[in-house]
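S.K.: Here is my input, please return the structure:
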Amino acid sequence: MLKSRIIGLFVVVLCLVAACKTDPLYEDIEGAQLETDIKLIEAYVEKNKIEAKRTDEGLFYVIEEAGAGDAFRLVDTLRIQYKANFLKDGIQPLFFDSTASTDPALATRFVLNTGIEGWQKGIPMIRKGGKIRLIVPSKMAYQNRVVSKLPINSILDFDIKLIDVIPKVEKEEENK
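M.R.: Model prediction:
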């Protein structure tokens, strides 16, 4: 009796695992998608006369205001306001998201290490009160996943203002 219950439980768990849908593995074979994205971003930047710099990983950025204050860590909570577009066919920016309010008190809160790689690499280039524009290749964003209205391999264009940094308190400090 116990043996048949264990087998039944095993079958149920196996069925549940098999029913889970996962995104296909993102493979940027020999950097082909990143290379395509970079060419599209370069054309977009040139066409729109955006004076962007580029990191080695392919992230394009413009620091509009550096801000002030200390550096922060990936585990810190940030409060930001942002506007986000994606580049349709690498040319036409189309709106897809923004913070719900322009009131700084209602800014979006998130822990930096939970954001896309483009944010994790780009936002630390500024400090509290700073503004940055990030043009993020798909490899540093949502890759081959469909998210909201975004097609796969979307290049994203963000205008971000860093409202506040809330440092993570380490356990040792909490106990003092």
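S.K.: And the strands in this structure?
M.R.: 53-54, 60-65, 77-88, 92-98, 108-111, 131-136, 156-166 (DSSP state E).
S.K.: Using CSV, please lay out those strands together with mean neighbour count.
M.R.: Using the backbone N, CA and C atoms, a C-beta is placed for each residue, glycine as well. Shown next, in CSV, are those (neighbours: other C-beta atoms under 10 Å):
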stretch, mean neighbour count
strand 53-54, 12
strand 60-65, 17
strand 77-88, 19
strand 92-98, 14
strand 108-111, 14
strand 131-136, 23
strand 156-166, 20
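S.K.: What's the per-residue pLDDT of the residue nearest to residue 75 when sequence neighbours are not counted here?
M.R.: With C-beta to C-beta, 6 or more residues apart in numbering as the criterion, residue 75 has its nearest non-adjacent residue at 4.5 Å, and that residue is residue 168. For residue 168, the pLDDT comes out at 90.
S.K.: what does residue 22 give?
M.R.: 44.
S.K.: Same question for residue 10.
M.R.: On the pLDDT scale, residue 10 is placed at 47.
S.K.: just residue 60 next, same as before
M.R.: 98.
S.K.: Repeat that for residue 107.
M.R.: 86.
S.K.: now it: how far from residue 127?
M.R.: 15 Å (C-beta to C-beta, to the nearest Å).
S.K.: rewinding a little: determine the number of other residues adjacent to the residue nearest to residue 75.
M.R.: Burial of residue 168 is recorded as 15 neighbouring residues (other C-beta atoms under 10 Å).
S.K.: How about residue 71?
M.R.: That count, for residue 71 with other C-beta under 10 Å as the rule, works out to 8.
S.K.: now the residue nearest to it when sequence neighbours are not counted: how far from residue 48?
M.R.: Nearest residue to residue 71 in three dimensions, chain neighbours excluded: residue 124, at 6.8 Å (C-beta to C-beta, 6+ apart). Residue 124 sits 25 Å away from residue 48, going by C-beta to C-beta.
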